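S.K.: Just need the structure, nothing else, for what follows:
(2 chains)
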Amino acid sequence: DTEVTQTPKHLVMGMTNKKSLKCEQHMGHRAMYWYKQKAKKPPELMFVYSYEKLSINESVPSRFSPECPNSSLLNLHLHALQPEDSALYLCASSQKNRDEQFFGPGTRLTVL
Amino acid sequence: SQQGEEDPQALSIQEGENATMNCSYKTSINNLQWYRQNSGRGLVHLILIRSNEREKHSGRLRVTLDTSKKSSSLLITASRAADTASYFCATILFAGGTSYGKLTFGQGTILTVHP
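M.R.: Now for the predicted structure:
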């Protein structure tokens, strides 16, 4: 299995909602990532987990809370988001942090 | 701020022609990678070139790296309509003494290949 899966594909939420994005990989990769991508822009790194520990947090607001329950799963918990947080959220994984990354299809998030 | 700048921002060619995209970056790197993205979907890794390599090939792709000029180029030969996508270069620099690094993407080139 060489795939990174993300659920849901689309998510619409209000500013007072709490929701979670889920990412899963079964390639035995030990590094997992969250990126945010706005329209016509490159992906921007949010978080890096290495061996299930948070190793990089790119000064992301606390309304985004990552969680890595095990080596195959990565969650992004969302709370009290703003309309400007609407974007494509991409998950990726790699064998090690220095290697090529495998991306999921993304979750298209709209915050009303 | 983004590490890489890509040139051109958009490229339109006919099927069968070659497409060349350039990427420049500002700081030292450990490796440089190229990714493709179709219509706002996930990115697909194309090729990784390490800082001590100068050229790499993969199928119809050829990547060069000039660390003295802090630049890289991606050549797609004999392009096909299916190559239509956005192409991003991304650089990584490991934090000193570790294997951790931040992959930083360039602004991307939108390639359109007309049948």
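S.K.: Spell out which parts of chain A neighbour chain B.
M.R.: For chain A, the contact set with chain B under C-beta under 8 Å from any C-beta of the partner chain comprises A:4, A:33, A:37, A:39, A:41-45, A:48, A:50, A:55-56, A:58, A:88, A:90, A:92, A:96-106, A:108. For the C-beta atoms, the positions are set from N, CA and C on the backbone; glycine is no exception.
S.K.: what helix or strand does residue 90 sit in?
M.R.: All of this refers to chain A. Using DSSP states H and E, A:L90 sits within strand A:87-94.
S.K.: hmm, I had chain B in mind actually
M.R.: B:A90 belongs to strand B:85-94 when assigned by DSSP H and E.
S.K.: strands paired with that strand, and their directions?
M.R.: strand B:31-37 (antiparallel), strand B:101-105 (antiparallel), strand B:109-114 (antiparallel) (DSSP bridges).
S.K.: who does the strand holding A:L90 touch, helix- and strand-wise?
M.R.: Packing partners of strand A:87-94 (3 or more C-beta pairs under 8 Å, 6 or more residues apart in numbering or on different chains; DSSP states H and E): strand A:4-7, strand A:18-25, strand A:31-37, strand A:73-79, strand A:102-103, strand A:107-111.
S.K.: From the contact counts, what lies against the helix or strand bottoming out on mean pLDDT in chain A?
M.R.: When the helices and strands of chain A are scored by mean pLDDT, DSSP states H and E, strand A:53-57 comes last with a mean of 90. Where contact means 3+ C-beta pairs under 8 Å, 6+ apart, strand A:53-57 is packed against strand A:44-50, strand A:64-70.
S.K.: I'd like those strands laid out as CSV, including mean pLDDT, distance to B:T109 and mean neighbour count.
M.R.: Output for these, formatted as CSV (pLDDT from 0 to 100; distance: least, C-beta to C-beta, whole Å; neighbours: other C-beta atoms under 10 Å in any protein chain shown):
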stretch, mean pLDDT, distance to B:T109, mean neighbour count
strand A:44-50, 93, 18, 20
strand A:64-70, 96, 29, 15
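S.K.: Around chain A, which positions in chain B sit nearby?
M.R.: Residues of chain B found near chain A (C-beta under 8 Å from any C-beta) are B:2, B:30-31, B:33, B:35, B:40-45, B:48, B:88, B:92, B:94, B:99-108.
S.K.: Of these, keep whichever come out buried.
M.R.: B:2, B:31, B:33, B:35, B:42-43, B:45, B:48, B:88, B:92, B:100-108 (16 or more other C-beta atoms under 10 Å in any protein chain shown).
S.K.: Strands of chain B, start to end?
M.R.: Using DSSP state E, the strands of chain B run over residues B:5-7, B:10-14, B:19-24, B:31-37, B:43-50, B:55-58, B:61-66, B:71-76, B:85-94, B:101-105, B:109-114.
S.K.: now those strands in JSON lines, with distance to A:S20 and mean pLDDT?
M.R.: JSON lines is the format used below for those (distance: least, C-beta to C-beta, whole Å; pLDDT from 0 to 100):
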{"stretch": "strand B:5-7", "distance to A:S20": "34", "mean pLDDT": "83"}
{"stretch": "strand B:10-14", "distance to A:S20": "36", "mean pLDDT": "96"}
{"stretch": "strand B:19-24", "distance to A:S20": "35", "mean pLDDT": "96"}
{"stretch": "strand B:31-37", "distance to A:S20": "24", "mean pLDDT": "95"}
{"stretch": "strand B:43-50", "distance to A:S20": "22", "mean pLDDT": "95"}
{"stretch": "strand B:55-58", "distance to A:S20": "37", "mean pLDDT": "97"}
{"stretch": "strand B:61-66", "distance to A:S20": "37", "mean pLDDT": "98"}
{"stretch": "strand B:71-76", "distance to A:S20": "36", "mean pLDDT": "97"}
{"stretch": "strand B:85-94", "distance to A:S20": "27", "mean pLDDT": "91"}
{"stretch": "strand B:101-105", "distance to A:S20": "24", "mean pLDDT": "84"}
{"stretch": "strand B:109-114", "distance to A:S20": "32", "mean pLDDT": "97"}
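S.K.: Please consider this matter closed, and thank you.
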